[in-house]
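Enquirer: predicted coordinates and the sequence they were generated for:
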Amino acid sequence: MKIIYLAFLALVSISSISSTQTDRYQTRTGSISFEASVPTFEPIKAVNKSTTVVLDMKTGNIAALALVKGFRFPIALMQEHFNENYIESDDYPKAILKGSLSDFDANTLSQNISTTFIFDGTIELHGKKKIISFPILLNPSGENIKLESNFNLKPADFDIEIPSIVSNKIAQEVQVSVNAILNKK
């Protein structure tokens with residue numbers, strides 16, 4: 001009887017792990033890019049192509065993690081200033097997004113219908129957390145879900161100081177774009 005009970009417990013554990021895995025989509029190769037350019041000055045933009053994004057299909061919870069040093073700029077000096085002077089990536093190595101999709105319905109996605117949901121949650125950057133809300137488009141395709149989003153952030157909201165000597169060369173609002181292909185896990 002004990003053996004049957006242990007076998008049943010093992011089967012339940014395995015099936016719950018399997019069902020948890022099939023209810024989650026994720027990637028480690030998501031892309032976050034940002035642009036803080038202003039007209040008539042050198043473009044300020046970067047991309048990070050190794051962002052982790054996880055979507056829980058049962059709850060609509062979503063999380064993303066990007067290592068700040070993973071952002072690549074077209075000009076090496078910009079990347080150095082970004083990491084050392086502005087974002088201080090040695091002290092604040094991660095950007096973290098956590099929250100949920102309002103009115104999330106996984107059945108919509110199972111019907112291969114592109115749907116825009118509103119993300120409500122927090123973003124943590126430069127040691128500061130901010131409540132944030134923005135649209136996210138989910139586009140299912142076979143076993144994958146394509147995620148796209150655009151939103152703006154203000155460096156001042158995260159206590160990122162821009163020296164007055166360059167403040168007119170950097171936008172007050174940074175345009176952020178997120179693109180990821182989430183795979184069923």
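Expert: On my side now, so go ahead.
Enquirer: from now on I want contacts and neighbour counts done on CA atoms only, so please keep to that.
Expert: Noted.
Enquirer: show me what the most centrally placed residue in the chain is bridged to.
Expert: By Cα atoms, centre = their mean, the chain has its centre lying nearest to A64, at 3.5 Å. On the basis of DSSP bridges, A64 is bridged to V53, L97.
Enquirer: what separates it from K45, distance-wise?
Expert: A64 sits 20 Å away from K45, going by Cα to Cα, to the nearest Å.
Enquirer: same deal with I160?
Expert: I160 is 16 Å from K45, by Cα to Cα.
Enquirer: tell me which of those two has more neighbours.
Expert: Counting neighbours by other Cα atoms under 10 Å for I160 and for K45 shows that K45 has the greater number, 20 against 17.
Enquirer: so what does the residue lying closest to the more buried one once chain neighbours are set aside look like in phi/psi?
Expert: Excluding its sequence neighbours, the residue lying closest to K45 (Cα to Cα, 6 or more residues apart in numbering) is E35, at 4.2 Å. When read as degrees, to the nearest 10, the backbone of E35 gives phi -140, psi 130.
Enquirer: show me what counts as buried in stretch 84-96.
Expert: Using 16 or more other Cα atoms under 10 Å as the test for burial, stretch 84-96 gives Y86, I87, E88, S89, Y92, P93, K94, A95, I96.
Enquirer: tell me where the protein has strands.
Expert: Taking DSSP state E, the strands of the chain run over residues 24-35, 45-56, 61-67, 94-101, 115-125, 128-141, 144-153, 174-184.
Enquirer: among those strands, which is nearest N168?
Expert: N168 sits nearest to strand 174-184 of all the strands of the chain, at 13.5 Å, using Cα to Cα.
Enquirer: tell me the angle of that closest one relative to strand 61-67?
Expert: Strand 174-184 runs at 120 degrees relative to strand 61-67, counting by axes from the mean of the first three to the mean of the last three Cα atoms, to 10 degrees.
Enquirer: list the contacts of strand 174-184.
Expert: Identification of contacts with strand 174-184 by Cα atoms under 8 Å, 6 or more residues apart in numbering yields 21-27, 29-36, 53-55, 143-155.
Enquirer: got a ChimeraX select line for the buried ones in these?
Expert: Buried subset of those, written as a ChimeraX selection, criterion 16+ other Cα under 10 Å:
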select :23,24,25,26,27,29,30,31,32,33,34,35,36,53,54,55,145,146,147,148,149,150,151,152,153,155
